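> this one's structure only:
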């Protein structure tokens, strides 16, 4: 029984039927009726006759278009012309035969169509004919014509449905990640193909499988410097006296090798004369220790016995304070267990210092004698150097330090360095290694009494070594030979020779950072990239807050506090806000005086940079002071103002691009973002750092992680202590887990994932490969200051601790990347 037959027998369900006549329709007008369908109105179309059936009255249904709207509808292409004929008909037993002779006799299929649409709202079911419609309703006489039109309509509908089915099968049958064929994606594919070693099984050595011999961070760093090179070598009429003009002049002066070679050692001899001359070159006039020391530190930026700098306190209220720290010796000569290695290092350093003295006109015998005693001074001072720790810093005043370390005239020396500050004897200082300073004072006091000329030579030889990059090729060659010898002693591969342009870009960036920052960001970091990076960071942040809810060693109070810390975390993305100010790139550097030679330009820039740095710290502490320039690839967390920083240089291919598949951005940049955020909680992982935590569970997780990393074999020639790297290992493992959780959540919320073509990687595999790609580094001896595990362990440790990796790469149980047990710190 059809719906109409049931409705006729049910007087409680009266229906109203309205006939609309549509003339010369060129496109569907049925969308105009969507509001009717939501209110219980349904339609059926045959030829140019639109039948609307409603449970309401026909007067409640507005017309398709009125005569006033006709012209507008023509312009919009809805229909060529239209007229309205709203004819209400009530279905009842009396008029049923008439209705079925007109509209109802279109056939059982028509009734079925109406029946389906009366039970569910219609959606774009209109099919429009081309024949003009009669002015009166069809009758039994016109039934054959209506039937023919209906059959034609049904045939067209069948063809349409068949075509749609084929299309749906094609679309959904090939449903899956779409390959990204944009230029940036194809460039990334080329990098992935050429950098890895596909002959290695990913389940046994994923680092080699992805990285080969590639160093991702070094490559990106060089690309960023190459971009700065192109900026500096592009001729442009910069405003006279502007920062841009001075930056370009300095870079061009650095690149003018012919002028530097022609000047030779002449500019350096002028500097030595300003310092009172030098005995080994035969022009010594006088030597006063504290006067020479003041000049070396304030005018030439060389600190032979200690470092003094202005920096915020490491604890609240983070106000700037003058800090005294250990020196950075040109070649550390602390006694080593390997005496043969130590003796060779001393011989190589003696050869280097002898070369420097000879280039300045000293006789070989006298130069070698003075160089030997200079090495003796460095060696004795090096014996007192100790590993630094924040808790060893002591707060003293200048007058107190003067009593404990009397060899230095502290007030006059520090005032000469920090001319922008007015210092007094009661000025507070932060001293990081007081024991070293007291021993240094004893050694220097003895040297002043017995070997004043050797003490002077020691200070001047150190200055020459510091200024050698601004001197001619003879000085630079001597420095390069020493570096190669020291690298060989450390069993490192030969140091590649850096092109001149890279050195000049670095020096220009150091001295004119505000100007180059504005130019770099303008070219390499647009608002689209910044917006996409902020969106990625928000996803990582949300995932971390969610993950903290399941950390087993936190109680509810600690968990809420940790989540609050993440919520309050600030982020700086790309560059400081002031970089985008239009006037920044054109601002001048009035304190910088370039010329008459490159060395004098460098010295002027050294003084200007130190003055600018001090002034920046003396400003009210209301904003984050960036530690890295915008072209840097180093992300970091600043404890003093609870801020994570991701420079524009880091947010570049192959680590990040708005057009990359999400798997790449989450796996590479996203994992680094998560690692930096986890640094917030380093204190909790230290012994006694979290009294309110479940210490047994926490220590068990950390011990599990330490044992897990101990399983991995270190690269050849690399030795390290797993316990010293435990915090960084925990951040690596946790960062990957947080980034993966954020990526999975993103996939669940949004469809349309893309992948890289020609690699045969699923999105999940691409995520893990992108993570490993960002960890690619060259293998070599670990620096004592490096708290990270060697590169292979930074890949294998986190990935083997992730069950999803073994699943998506089909690693068999017991394989290196699919262990039987795993650890959870975060």
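Nice, I can see it. Source: prediction; values computed, not measured.
> C-alpha only now, for contacts and for neighbours.
Noted.
> do a quick rundown of the strands in this protein.
Applying DSSP state E to the chain gives strands spanning 16-23, 41-46, 49-54, 81-82, 89-90, 178-179, 307-312, 320-325, 394-397, 428-431, 570-574, 636-638, 643-647, 754-755.
> can you tell me which of the ones you listed the model trusts least?
When the strands of the chain are compared by mean pLDDT, strand 81-82 comes last with a mean of 35.
> show me how the record splits the protein into domains.
Per automatic domain parsing, the structural domains of the chain span 3-173, 205-214+526-576+628-808, 304-470.
> pretty sure residue 438 contacts residue 405?
Yes: if you go by C-alpha atoms under 8 Å, residue 438 and residue 405 touch, sitting 5.4 Å apart.
> more crowded one of those two?
Taking residue 438 and residue 405 together and counting by other C-alpha atoms under 10 Å, residue 405 has the greater number of neighbours (20 against 16).
> distance of that one relative to residue 303?
Going from residue 405 to residue 303 by C-alpha to C-alpha, to the nearest Å gives 16 Å.
> may I have the predicted confidence score for residue 587?
According to the prediction, residue 587 has pLDDT 71.
> do residue 555 as well
91.
> likewise the one 4 residues further on?
What the model reports for residue 559 is a pLDDT of 92.
> could you check how many residues crowd around it?
19.
> cool, residue 619 as well?
So residue 619, with other C-alpha under 10 Å, has 10 neighbours.
> check the gap between it and residue 451 for me.
Separation of residue 619 from residue 451 (C-alpha to C-alpha): 44 Å.
> okay, the closest residue to residue 394 other than its chain neighbours and residue 195: tell me how far apart.
In space, and not counting its chain neighbours, residue 394 is closest to residue 431: 5.2 Å by C-alpha to C-alpha, 6 or more residues apart in numbering. Distance, residue 431 to residue 195, by C-alpha to C-alpha: 47 Å.
> swap in residue 260?
For residue 260, the distance to residue 195 equals 39 Å [C-alpha to C-alpha].
> between residue 438 and residue 405, which contacts overlap?
The contact sets of residue 438 and residue 405 do not overlap (C-alpha atoms under 8 Å, 6 or more residues apart in numbering).
> show me the contacts for residue 588.
Residues near residue 588 by C-alpha under 8 Å, 6+ apart: 241-244, 246.
> wait, residue 774
Shown in contact with residue 774 (C-alpha under 8 Å, 6+ apart): 216-217, 655, 668-669.
> hmm, try it at 10 Å
Residue 774 makes contacts with 210-211, 215-217, 654-655, 667-669, 671-672, 795, as judged by C-alpha atoms under 10 Å, 6 or more residues apart in numbering.
> next one: residue 758
Contacts for residue 758 (C-alpha under 10 Å, 6+ apart) come out as 179, 186, 189-190, 193.
> buried only: go through the residues you listed for me.
Among the contacts of residue 758, those classed as buried by 16 or more other C-alpha atoms under 10 Å are 186, 189.
> how about CSV for the contacts of residue 758, with distance to residue 597 added?
Output for these, formatted as CSV (distance: C-alpha to C-alpha, whole Å):
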residue, distance to residue 597
179, 56
186, 47
189, 47
190, 45
193, 47
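> quick one: which of the contacts of residue 758 is nearest to residue 702?
Closest approach between the contacts of residue 758 and residue 702, by C-alpha to C-alpha: residue 193, at 36.5 Å.
> okay, the residue nearest to that closest one when sequence neighbours are not counted: pLDDT?
Spatial nearest neighbour of residue 193, excluding adjacent residues (C-alpha to C-alpha, 6+ apart): residue 759 at 7.8 Å. If you check residue 759, the pLDDT there is 90.
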